[in-house]
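Undergrad: 3D, please:
(one chain, ligands or ions: 1)
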Amino acid sequence: MAKMKKSKMARAKTTKATTAKAKVGKAKAPKAKAGQAAKPAAKSREAAAAFPKVAPGELRTLFDFVRYAVSRFAEADLAFAHGTTDPVAEAAFLVCDTLNLHPDQFDIFAMARVTAAEAEQLLEVIQRRVTTRKPAAYLVNKAYMLGLPFYIDERVIVPRSFIGEILGSHFDGGDGSLIEDPEAVESVLDLCTGSGCLAVLASQRFPNARIDAVDLSPDALEVAAHNIDIYQLDDRVTLLQGDLFAPLGDARYDLIISNPPYVDDEGMDDLPDECRYEPELAFYGGADGLDLVRRILAEAKQHLTPQGGLLCEIGRGRDNIEAAFPDLPLLWLDTEESEAEVFWIAAVDL
Ligand SMILES: C[S@@+](CC[C@H](N)C(=O)[O-])C[C@H]1O[C@@H](n2cnc3c(N)ncnc32)[C@H](O)[C@@H]1O
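TA: Numbers count the residues shown, from 1 in each chain. Take a look at the predicted model:
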């Protein structure tokens, strides 16, 4: 097992998107069950009726459709928090996916014209994004993390954990890495796995590791199983249903990664409509958001090898966690889009 190093807080480098290695098949995908949260249905019908008409041929290129989508998104004041953080990236993702292109291919084809049938599909998906306010990932059953596609539906939160980027920037064995050798990591636990996206990314970062991935939600585990299957990781990733460490017995791991629910009462009230399509179980972390984080910190040591460590995302709860665990030397990590929302702690310091 790689020796876990302590290092000074460092800003993460941008992680380059890699070429997709798996096909996310819409046709073979398992069906979502209805009713994850209160859906803004009435508003959606009104918005559909008022949606502006486009005459055939008025929009011609991919670029035209992206521009049109951005205008409609701005008009409707949509929220962008599900893998893209701005309307242009969201529109380019929707347009590319509808045309069966990887988002990285947008630049090559931006000025290419679309067929009449494609134009109809594009207008339909843009309209659905605006009138339903569903995250784009649910409309196309796909989300990318670090350039890799994952099958996604309303049984799981749309992947956007900062841990994805941190696995790339702080666990590569190079300067400033928190571990000496990614190839020496033999076992990883992904607590609160959801779609299984972090388990898949961990399998790539730590090529010799066996990975256990736990979630309380049987629905989420069905989606995770589909992604594990797509990436042909059935022999390396084991999915377990249960409450945090409960299904693991006395198993120990070289690395524990976790993006648990951590939204507090105030944050739940402020969630945009888009997030109301996501499972509440994936968000709510108790009054101050930290119920699960406290339990993870209290129990992690019993499930880590002596040289292991815990990487955990907690949102904006840093002050509360430091107040609750004043003796723990938590190392706060930044990414391109976040500051001190993820901590690292070595097992010896727990
Ligand atoms: C914020 S989501 C993270 C999903 C995934 N790791 C990601 O980053 O996209 C949190 C996940 O924790 C699961 N969860 C909630 N409470 C749990 C518990 N007590 N034990 C295990 N998993 C739990 C939810 O079902 C949800 O899938």
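Undergrad: name the SS class of residue 327, please.
TA: coil (DSSP: H, G, I helix; E, B strand; the rest coil).
Undergrad: correction: the previous question concerned residue 309.
TA: strand.
Undergrad: and it, how far from residue 249?
TA: Distance, residue 309 to residue 249, using CB to CB, to the nearest Å: 21 Å. (C-beta placed from N, C-alpha, C; glycine too.)
Undergrad: residues contacting residue 52?
TA: Contact analysis of residue 52 by CB atoms under 8 Å, 6 or more residues apart in numbering lists residue 72.
Undergrad: element containing it, please.
TA: Assigned by DSSP states H and E, residue 52 falls within no helix or strand.
Undergrad: is it true that residue 293 touches residue 321?
TA: Yes: Residue 293 is in contact with residue 321 according to CB atoms under 8 Å; the separation is 6.3 Å.
Undergrad: higher neighbour count, these two?
TA: Neighbour totals were compared for residue 293 and residue 321, and residue 293 leads with 26 against 22 (other CB atoms under 10 Å).
Undergrad: check the residue nearest to that one when sequence neighbours are not counted and give its pLDDT.
TA: Take residue 293 and drop its neighbours on the chain: the residue closest to it by CB to CB, 6 or more residues apart in numbering is residue 314, 5.0 Å away. At residue 314, the model reports a pLDDT of 96.
Undergrad: cool, and residue 86?
TA: Residue 86 is given a pLDDT of 87.
Undergrad: what's the answer for residue 35, then?
TA: 36.
Undergrad: could you do the one 5 residues further on as well?
TA: What the model reports as pLDDT for residue 40 is 53.
Undergrad: give me the domain ranges for this structure.
TA: If you go by automatic domain parsing, the domain ranges for the chain are 41-140, 143-349.
Undergrad: any idea which of those is most buried?
TA: With neighbours taken as mean count of other CB atoms under 10 Å, the domains of the chain reach their highest mean count in domain 143-349, at a mean of 20.
Undergrad: can you tell me how far the closest residue to the ligand within the stretch 151-300 of the chain sits from residue 215?
TA: Nearest to the ligand, among the residues of the stretch 151-300 of the chain, is residue 194, at 2.4 Å (CB to the nearest ligand atom). Distance of residue 194 to residue 215, given as CB to CB: 6 Å.
Undergrad: and for residue 208?
TA: 24 Å.
Undergrad: and residue 299, by the same measure?
TA: 17 Å.
Undergrad: likewise for residue 93?
TA: Computed as CB to CB, the residue 93 to residue 215 distance reads 26 Å.
Undergrad: now do the contacts for residue 91.
TA: Counting by CB under 8 Å, 6+ apart, residue 91 has contacts 65-66, 69-70, 73, 126.
Undergrad: residue 163 now?
TA: Per CB under 8 Å, 6+ apart, neighbours of residue 163: 198, 257, 259, 311, 313, 342.
Undergrad: 6 Å - rerun?
TA: Counting by CB atoms under 6 Å, 6 or more residues apart in numbering, residue 163 touches 198, 257, 259, 313.
Undergrad: with just CA atoms, put the helix or strand where it lies into PDB.
TA: Using DSSP H and E, residue 163 sits within helix 162-170. What follows is helix 162-170, C-alpha atoms only, in PDB (Å, rounded to 0.1, in the frame of the first residue of the first chain):
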ATOM      1  CA  PHE A 162     -15.000  17.900  -6.500                       C
ATOM      2  CA  ILE A 163     -13.400  14.600  -5.500                       C
ATOM      3  CA  GLY A 164     -13.200  13.600  -9.200                       C
ATOM      4  CA  GLU A 165     -10.800  16.500 -10.000                       C
ATOM      5  CA  ILE A 166      -8.900  15.900  -6.700                       C
ATOM      6  CA  LEU A 167      -8.300  12.300  -7.500                       C
ATOM      7  CA  GLY A 168      -6.600  13.600 -10.700                       C
ATOM      8  CA  SER A 169      -4.700  16.400  -9.100                       C
ATOM      9  CA  HIS A 170      -3.600  15.100  -5.700                       C
END
